[in-house]
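Peer 1: Next one to model:
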Amino acid sequence: MTVRNPAKDAVAIIGLGTTPYRRDAGGKSPLALACDAALVALADCGLAPDDVDGIGATTVPSGSIQAALGIAEVGWWSNVTMPVSLVMMEAVNAVFSGACTTALVCHATYRGAGASRSAASDPFRVHAVGDAHGHNLAMQPETTSGTFGYCAWAGRYLHDAGCGREVFGRIAVNSRTNATRNPHALFREPLTMDQYLAGRMIREPLSIFDMDPPVDSGDAFVVTTAERARDLVDRPVYVHAGSLGRTGHPYADQLTDYRHTGKEIVADRLWAKSDLTLDDVDVFYPYDGFSIMAVSWFEAFGYCKTWEAPEFLADQWDDDGNRLLLDGRVPVNTHGGSLSEGATQGAGHWREAADQLRGTAGDRQVDGASCALLAPGGFMWNATGFVLRA
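Peer 2: Down below sits the predicted model:
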């Protein structure tokens, strides 16, 4: 395999913005949430809307964001589906290539009418997040995509690894423990393994604690060249390496087996592009939209071999802290992950990683954090991985 990485450390994240993650944003639309976050992100790095010449977006059209913010002109724009990593990759490539100098990346989530009774009572609430084709997966109980595909593969994992649901429980409990220190998180109450195992089953073998809760939210990031970043902020976050990964059989019902998914492609390409290794990683952010996803990323990146995550996670468990602490020093999903902070398709993972590397994570700050490993995507059609450094 031959890979290139001419953009290594040449592009940086300089601005972060977010709205509170809530079950109900008080009547704000996805566009309003995205723009609220965008203004915070721009203020965070001392820029104004007119300093932006590129816009990347997911659920909200980039043109709508441009019009709402009053940005006079842009030279690059993109709208891609979730996870957020896909549009972040587009933005990094656009800045590096010169298509734009300063890119604003926006993402908003909006609970659909099927997400709760309160949401269903609002006749104007439209679901803003579906599958890759815009379908609302919650309304398709027989599909093999989304929730149901991951449940099937979770069952396959337990069978082939010969383990119990505790392997998923460690992901959920770890996320909840870390969320107790995150005022931004939706769920902040501690969770025990016994409570996890007694949780209401949604679809075997995944329970209510294995799936991220839908929220109304907005997140935004400002991305620019490394040179400009150093003139604007004290501590830019550099994109050291990034990769997407997809097999020739990318959907849940077409995967050949658990070992041949997009996550293995991501890991192989990411480490080939990077000057760093697992030993350099200070904070790890495996995507946990479903607990099985996070389990699989430990194996793909080389923390352990396939089917060895149950034993590995048990060995890396910090009993005193009731959380994962890899090699006694590397925390996992310090913000509480999607399972406890809220379902933002990886936006929360990006924001938290950048906060840690900037030293602005508050009570969650990991001393001396200078390298973050992110895997904000699943392992079917949307696997992604990035190495960020301070």
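Peer 1: ok, which stretches of the stretch 1-150 of the chain are strands?
Peer 2: 11-18, 54-57, 76-79, 102-109 (DSSP state E, counting those that start in this stretch).
Peer 1: Go through the ones you listed and pick out the most buried.
Peer 2: Among the strands of the stretch 1-150 of the chain, strand 102-109 has the highest mean neighbour count (mean count of other Cβ atoms under 10 Å), at a mean of 29. In short, each C-beta sits where N, CA and C put it, glycine included.
Peer 1: returning to that earlier point: out of the strands of the stretch 1-150 of the chain, which is closest to residue 303?
Peer 2: Nearest of the strands of the stretch 1-150 of the chain to residue 303, taken as Cβ to Cβ: strand 11-18 at 25.1 Å.
Peer 1: Just the CA coordinates for that closest one, please, in CSV.
Peer 2: Coordinates of the C-alpha atoms in strand 11-18 are reproduced here as CSV (Å, rounded to 0.1, in the frame of the first residue of the first chain):
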residue,chain,number,x,y,z
VAL,A,11,-3.7,22.7,8.4
ALA,A,12,-5.0,23.6,11.8
ILE,A,13,-8.2,24.0,13.8
ILE,A,14,-8.3,27.4,15.5
GLY,A,15,-11.9,28.0,16.5
LEU,A,16,-14.5,25.9,18.3
GLY,A,17,-18.2,26.7,18.8
THR,A,18,-21.1,24.7,20.2
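Peer 1: Report the angle between it and strand 102-109.
Peer 2: Orientation check (axes from the mean of the first three to the mean of the last three Cα atoms, to 10 degrees): strand 11-18 against strand 102-109 gives 40 degrees.
Peer 1: Remind me what strand 11-18 packs against, helices and strands.
Peer 2: Applying 3 or more Cβ pairs under 8 Å, 6 or more residues apart in numbering; DSSP states H and E, we find strand 11-18 packed against helix 30-44, helix 84-97, strand 217-225, helix 226-232, strand 237-245, helix 347-358.
Peer 1: Paired strands for that strand, with orientation please.
Peer 2: Using DSSP bridges, the strands paired with strand 11-18 in its sheet are strand 217-225 (antiparallel), strand 237-245 (antiparallel).
Peer 1: could you point out which element follows the last one?
Peer 2: Proceeding C-terminally, strand 237-245 gives way to helix 262-273 as the next helix or strand, assigned by DSSP states H and E.
Peer 1: now that next one and helix 84-97, what's the angle there?
Peer 2: Using the same axes, to 10 degrees, helix 262-273 lies at 30 degrees relative to helix 84-97.
Peer 1: Give me the residues contacting the very next helix or strand once past helix 262-273.
Peer 2: Remark: after helix 262-273, the chain's next helix or strand is strand 283-286, criterion DSSP H and E. Applying Cβ atoms under 8 Å, 6 or more residues apart in numbering, the contact partners of strand 283-286 are 293-294, 297-298, 326, 330-334, 337, 349, 352-353, 356, 366, 369, 371-376.
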